[in-house]
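Asks: sequence-free structure coming up:
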């Protein structure tokens with residue numbers, strides 16, 4: 001089994017900052033990429049940022065220059081530093097571990113955390 005645990009969401013004023021954390025644990029051999037997605041009320045889930053095991057990153061246009069995804073020192077951890085937050089960033093944020101090789105599954109898997117809510121007040 002693979003579990004993802006997120007933390008760091010909360011309420012912040014527009015222009016403020018938050019840092020989200022995600023730690024993957026369980027029967028993991030390797031993870032190809034980890035990323036953050038978000039889903040605002042009434043909208044589809046969208047990719048915010050992704051980082052590969054090689055360190056390559058990609059961001060949604062709406063967060064470029066404001067958000068930074070990075071790996072933690074602990075294995076299989078990832079952070080999302082969110083600066084200059086706007087009301088439109090309000091959403092539930094989900095951590096994803098993609099193309100995960102584990103000791104318990106014969107095929108690569110994709111796993112999601114439970115989500116952490118970010119609310120930006122204007």
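Replies: Here it is on my side, so go on. Just so it is clear, the model here is predicted, and its values are computed rather than measured.

Asks: mind checking how far residue 107 is from residue 92?
Replies: As defined by CB to CB, to the nearest Å, residue 107 lies at a distance of 28 Å from residue 92. For the C-beta atoms, the positions are set from N, CA and C on the backbone; glycine is no exception.

Asks: So for the two, which sits in the more crowded spot?
Replies: More crowded of residue 107 and residue 92, by other CB atoms under 10 Å: residue 92, with 18 against 8.

Asks: which residues does that one contact?
Replies: By CB atoms under 8 Å, 6 or more residues apart in numbering, the contact set of residue 92 is 38-40, 115-118.

Asks: for those, which one is nearest residue 6?
Replies: Comparing the contacts of residue 92 against residue 6 with CB to CB picks out residue 116 as the nearest, at 4.4 Å.

Asks: right, and residue 22 touches residue 34 too?
Replies: Yes. Counting by CB atoms under 8 Å, residue 34 is a contact partner of residue 22 at 6.8 Å.

Asks: how far does stretch 37-45 stretch from start to finish?
Replies: 7 Å (CA to CA, to the nearest Å).

Asks: outside of it, which residues touch it?
Replies: With CB under 8 Å, 6+ apart as the criterion, stretch 37-45 contacts 46-48, 88-94, 96, 115, 118.

Asks: List buried members of those residues by neighbour count.
Replies: By neighbour count, with 16 or more other CB atoms under 10 Å, the contacts of stretch 37-45 hold 48, 89-94, 96, 115, 118 as buried.
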